[in-house]
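Enquirer: Structure of the sequence below:
(one chain, ligands or ions: 1)
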Amino acid sequence: MTDYAEELLRVPELLQMDRLLEGQTAVVTAGGGGIGRAIALLFAKAGANIVVADILPDRCEEVAEKVRQIGRKALAVPTDVMDTDQVRAMIAAADAEFGRIDVLVNNAGGGSKRLFVDQSERSWQRHVNLNLFSMFAATHATLPIMIREGRGGAIVNVSSIEGSRACPNFAVATSLKAAMNGFTRTLSLEVADHGIRVNAIAPDEAITPGIFAAAIAPAGEQKVDVGPSKAVEAAAKRRIPLGRYAGADECAQTALFLASKMSSYITGTIVAVDGGTWASSGWIRNRKGEWVLAEVYEEDDA
Ligand SMILES: NC(=O)c1ccc[n+]([C@@H]2O[C@H](COP(=O)([O-])OP(=O)(O)OC[C@H]3O[C@@H](n4cnc5c(N)ncnc54)[C@H](O)[C@@H]3O)[C@@H](O)[C@H]2O)c1
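Expert: From the prediction side, this is the model:
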């Protein structure tokens, strides 16, 4: 393995952001909106050619077009990731187009708000397909390509801080993020000999159409206009140590770190991108800005 530090002494430009993924191919599932879109565009900026797989064809095409404007190649493959045949066909199309896959971002996922007692078995199944089977199928189809090419690779799974924490009304989705974390750790051992690293990012709340828009915004109008209200922002200031929600770009920055050589000795980890909420669990700021335990705060506030 080349010594990256030595390489940097010879070619310091390798540390330039637009060369971190130079010449590589990255596949991003659900890359048409929110965090996936931010990852696709940042990875393109970092030098990668991008395969965008999203259920909405116009979103795929919009992101692919932006990637081309950045100066990289792009392949838009409309894909419903809940259908594993479509996922496998998407990975085969990526291989046929670029002849290599260096980075796979399993970003598709999420859940709908409902108490578990009210959730149907059909809904459990759909959640499993969206969050787990999509990741299994994309990873299973990609690994032989990474191994065949012999250059190693990086898999970045988009988990959630809720994979490590309770989240009432999202019992199934939360349990699937916990499963994603387990898969990340275990797979990292199984593929380490091939130089393939497997990590995850775990956002808490990031401003994306998925959580702050009333409905999915049409492609091309990705700027979220239904963002957090003033009251929600004020609550975030007190609850989140860094005092605000994440931007999708901040999730993308962490994904880029995990996808690039900058993290060449990191595998099997889940990196929280949560503004400190995992660390603060239970602690919030009172109206004076002092840190207090949530229950004490409630008493003081009464
Ligand atoms: N936004 C957050 O606060 C947050 C927090 C924690 C974890 N996450 C995770 O980040 C990931 C992305 O979330 P987001 O908020 O950016 O989502 P989003 O809802 O804003 O965007 C999701 C994208 O997925 C596409 N999509 C939906 N169903 C699909 C399907 N079946 N097949 C292919 N594409 C499909 C949509 O068209 C859209 O472009 C998810 O795995 C989510 O669980 C998000």
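Enquirer: Name all residues that make contact with the residue nearest to G210 when sequence neighbours are not counted.
Expert: In space, G210 comes closest to G34 once its chain neighbours are excluded; the distance is 5.1 Å by CB to CB, 6 or more residues apart in numbering. C-beta here means a position set from N, CA and C on the backbone, and glycine is covered the same way. G34 makes contacts with A206, T208, P209, G210, A248, as judged by CB atoms under 8 Å, 6 or more residues apart in numbering.
Enquirer: For the second one, what are phi and psi?
Expert: Main-chain torsions, T208, degrees, to the nearest 10: phi -140, psi 160.
Enquirer: please renumber so the chain begins at 11
Expert: Sounds good: first residue 11 from here, last item T218.
Enquirer: distance of it from E23?
Expert: With distances taken as CB to CB, to the nearest Å, T218 is found 33 Å from E23.
Enquirer: Which one of those two is surrounded by more residues?
Expert: T218 (24 against 9; other CB atoms under 10 Å).
Enquirer: Nearest residue to that one in space, please, no chain neighbours.
Expert: Using CB to CB, 6+ apart and skipping the chain neighbours, the partner closest in space to T218 is G44 (3.2 Å).
Enquirer: Same question for G33.
Expert: The spatial neighbour of G33 that comes closest, neighbours along the chain excluded (CB to CB, 6+ apart), is G57 at 6.7 Å.
Enquirer: same question, V302
Expert: N296 (4.9 Å).
Enquirer: neighbours of the one you found, just the number please.
Expert: 15.
Enquirer: and what of R132?
Expert: For R132, the neighbour count with other CB under 10 Å is 8.
Enquirer: so which helix or strand takes in it?
Expert: Here R132, judged by DSSP states H and E, is contained in helix 131-138.
Enquirer: just checking, what packs against that helix?
Expert: The helices and strands touching helix 131-138, judged by 3 or more CB pairs under 8 Å, 6 or more residues apart in numbering; DSSP states H and E, are helix 181-200.
Enquirer: so how far is the helix it packs on off the chain centroid?
Expert: Chain-centre distance of helix 181-200: 14 Å, with CA atoms, centre = their mean, to the nearest Å.
Enquirer: Not counting that helix itself, show me its contacts.
Expert: Outside helix 181-200, the residues that reach it (CB under 8 Å, 6+ apart) are 116, 119-122, 125-126, 129, 133-134, 137-138, 141-142, 145-146, 149, 165, 167, 169-170, 172-177, 207-210, 212, 277-280.
Enquirer: Tell me what A36 is bridged to.
Expert: Going by DSSP bridges, A36 is paired in beta bridges with I60, V113.
Enquirer: Make sure it is actually in contact with I60.
Expert: Yes. At 5.6 Å, A36 counts as touching I60 under the criterion of CB atoms under 8 Å.
Enquirer: so how many other residues sit close to the closest residue to the ligand within the stretch 161-310 of the chain?
Expert: Proximity to the ligand, evaluated over the stretch 161-310 of the chain using CB to the nearest ligand atom, is greatest for G220 at 2.2 Å. Number of residues near G220 (other CB under 10 Å) recorded here: 17.
Enquirer: Wait, it touches G43, no?
Expert: Yes. Between G220 and G43 there is a contact under CB under 8 Å: 7.2 Å.
Enquirer: now the strand ranked longest in the chain against helix 181-200, angle please.
Expert: For the chain, the strand with the greatest residue count under DSSP state E is strand 206-213. Put simply, strand 206-213 runs at 150 degrees to helix 181-200, going by axes from the mean of the first three to the mean of the last three CA atoms, to 10 degrees.
Enquirer: Sheet partners, orientation included, of strand 206-213?
Expert: Each strand paired with strand 206-213, and its direction, by DSSP bridges: strand 163-168 (parallel), strand 280-283 (parallel).
Enquirer: Skip ahead from that strand and say which helix or strand is next.
Expert: Later in the chain than strand 206-213, the nearest helix or strand by DSSP H and E is strand 216-217.
Enquirer: Check which helices and strands that following strand is in contact with.
Expert: strand 256-257, helix 258-269.
Enquirer: among the ones you listed, which is nearest D64?
Expert: Nearest to D64 among the helices and strands packed on strand 216-217 is helix 258-269 (14.3 Å), distances taken as CB to CB.
Enquirer: what's the closest one in contact with?
Expert: Counting by CB under 8 Å, 6+ apart, residues outside helix 258-269 touching it are 30-31, 36, 44-45, 47-49, 51-53, 56, 113, 115, 164, 166, 168, 207, 209, 211, 213, 216-218, 273, 276, 281, 283.
Enquirer: sorry, back to before: deepest of the helices and strands packed on strand 216-217, which one?
Expert: Stretch with highest mean neighbour count among the helices and strands packed on strand 216-217: helix 258-269 (a mean of 22; mean count of other CB atoms under 10 Å).
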